[in-house]
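Asker: Dropping a prediction and its sequence here:
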Amino acid sequence: MDQIVFQHDTVLSDVHMHQVAGRHLMTRLDAVGTPAVLIYPVFMSRFKILAERHDDGDPGKESAENITASGEEKKKEGREKCLEPALDEDGDLEIARRPRTTPRADSGRELICPVILHQSGPFLEQEEENLGDEDCSKDIIRIEHTMATPLEDVGKQVWRGALLLADFILSHLELFRGATALELGAGTGLASIVMATTAKTVYCTDVGDDLLSLCKRNVALNKHITEPSGGEVRVRQLDWLQHSLSTDAETEFSWTEDEIADLYDNTSFIFAADVCYDDDLTDGFFRTLYRLCSGISHTCTIFISIEKRMNFTLRHMDVSCESYIHFSHCLSQLQDLGGGGGSFRVEKIPCDFAQFLLYERIEQLELWKVTAAPLLSEQASGSEPLPS
């Protein structure tokens, strides 16, 4: 199989352009760990971190005064040009096309197009042997991923929510410096890798050996940007439908007792990117958040990125986003939980921070912050707070 076969349940991320398959295929394991039918070609994309990662501001931004003055001049020019409408030789109105904006020579950043800087060639291993200095740069993130999967395997793709969360981390490096952080539903591990450029320890979690193996591979591919800062990414399994962490020593991605203790004693940040696209998964995600925060004895901050995907539904006979509605409902429930000395404070973060990665930051992308104060053990041991 050298091409992606699209079926009725195929989901394709908007981040990537469809191309023919890369060097190898990914095998999805069944419930008992036996290789199932081979489905997914694997691609490698390189994401370049732009110059805005420096803390001295965005070099591509102009001052408000210059922007205002420039805007007034353009309006004046526009009024002068519109005194007499331009007509073509047939007498039809001639429309002046708006010129494309080109990046300034001294801006230090590239045009936000195309989205992918480089797509993998036919042989990824040979490509790795021929990597140049640019590919090993601290500003290049290499991610292996698929581009079209059934809904159950969308974690193997790269989504805009992960890129938005990565931008936020790169915009607030000092906030996360030296911290212990946990990512839920990490997928390809992109956000965890970016977090490890400033945090001390990042627990990168998801479920499924095939997905976790892909994630582990990506972590290894990007040690050139995590090791200089002393950051470490540990890929571990965390199933939202299970009430405890697996400590089976024979399982590759299980936890040690020391890691579990470190998780609850030192985790200051929990983050998740675009994981609330299914109501059952959303319920499991918020229950997992609640259980984790119940075991953490200090204030923990949670960042959740989400993309609102609008669809026409017969139920509403209108365009709506049911998964986002359910996500908002769960956020409200979480904020309403109180008593026992614990609380959750929810706030929406404006997405006006600097953009470091090449993608389209559409208005449907949102970032939410949840501040979780310590919960007493007797409250945490009660019944599940969030109904399915």
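Answerer: Cool, the structure landed.
Asker: The stretch 201-350 of the chain: helices as residue ranges?
Answerer: Here the stretch 201-350 of the chain has its helices, by DSSP state H, counting those that start in this stretch, at 209-221, 223-226, 257-266, 279-295, 322-336.
Asker: Show me which positions of the second one end up buried.
Answerer: By neighbour count, and taking 16 or more other C-beta atoms under 10 Å as the criterion, the buried residues in helix 223-226 are 225-226. Where you see a C-beta, it was placed from the backbone N, CA and C, and this is true even at glycine.
Asker: hmm, back to that, mind checking which of the helices of the stretch 201-350 of the chain is nearest Arg160?
Answerer: helix 322-336 (14.3 Å; C-beta to C-beta).
Asker: Can you get me a residue count around Asp279?
Answerer: A count of nearby residues for Asp279, using other C-beta atoms under 10 Å, gives 16.
Asker: Leaving out sequence neighbours, find the closest residue to it.
Answerer: Distance criterion C-beta to C-beta, 6 or more residues apart in numbering; nearest residue to Asp279, sequence neighbours excluded, is His326 at 4.8 Å.
Asker: pLDDT weak spots in the stretch 101-250 of the chain?
Answerer: Scanning the stretch 101-250 of the chain for pLDDT under 70 picks out 101-136.
Asker: which residue ranges form the strands in it?
Answerer: Applying DSSP state E, counting those that start in this stretch to the stretch 101-250 of the chain gives strands spanning 140-145, 148-150, 180-183, 201-206, 232-237.
Asker: could the ones you listed go into TSV alongside distance to Phe356 and mean neighbour count?
Answerer: Shown next, in TSV, are the strands of the stretch 101-250 of the chain (distance: least, C-beta to C-beta, whole Å; neighbours: other C-beta atoms under 10 Å):
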stretch	distance to Phe356	mean neighbour count
strand 140-145	10	23
strand 148-150	26	19
strand 180-183	18	25
strand 201-206	18	26
strand 232-237	19	22
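Asker: export those to JSON lines and tack on distance to Leu334?
Answerer: Formatted as JSON lines, the strands of the stretch 101-250 of the chain follow (distance: least, C-beta to C-beta, whole Å):
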{"stretch": "strand 140-145", "distance to Leu334": "31"}
{"stretch": "strand 148-150", "distance to Leu334": "29"}
{"stretch": "strand 180-183", "distance to Leu334": "17"}
{"stretch": "strand 201-206", "distance to Leu334": "20"}
{"stretch": "strand 232-237", "distance to Leu334": "24"}
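Asker: returning to that earlier point: and Leu241, which of the helices of the stretch 201-350 of the chain is closest to it?
Answerer: Using C-beta to C-beta, those put helix 279-295 closest to Leu241, at 5.4 Å.
Asker: Any regions of the stretch 251-388 of the chain where pLDDT drops low?
Answerer: The stretch 251-388 of the chain contains residues with pLDDT under 70 at 311-320, 338-342, 375-388.
Asker: Need the phi and psi values for the residue nearest to Pro374 when sequence neighbours are not counted.
Answerer: What sits nearest to Pro374 in space, not counting adjacent residues and going by C-beta to C-beta, 6+ apart, is Ser297, at 5.5 Å. Dihedral pair for Ser297: phi -90, psi 0, per degrees, to the nearest 10.
Asker: Ser297 and Cys330, how far apart?
Answerer: Distance of Ser297 to Cys330, given as C-beta to C-beta, to the nearest Å: 24 Å.
Asker: Kind regards, and thank you for your time.
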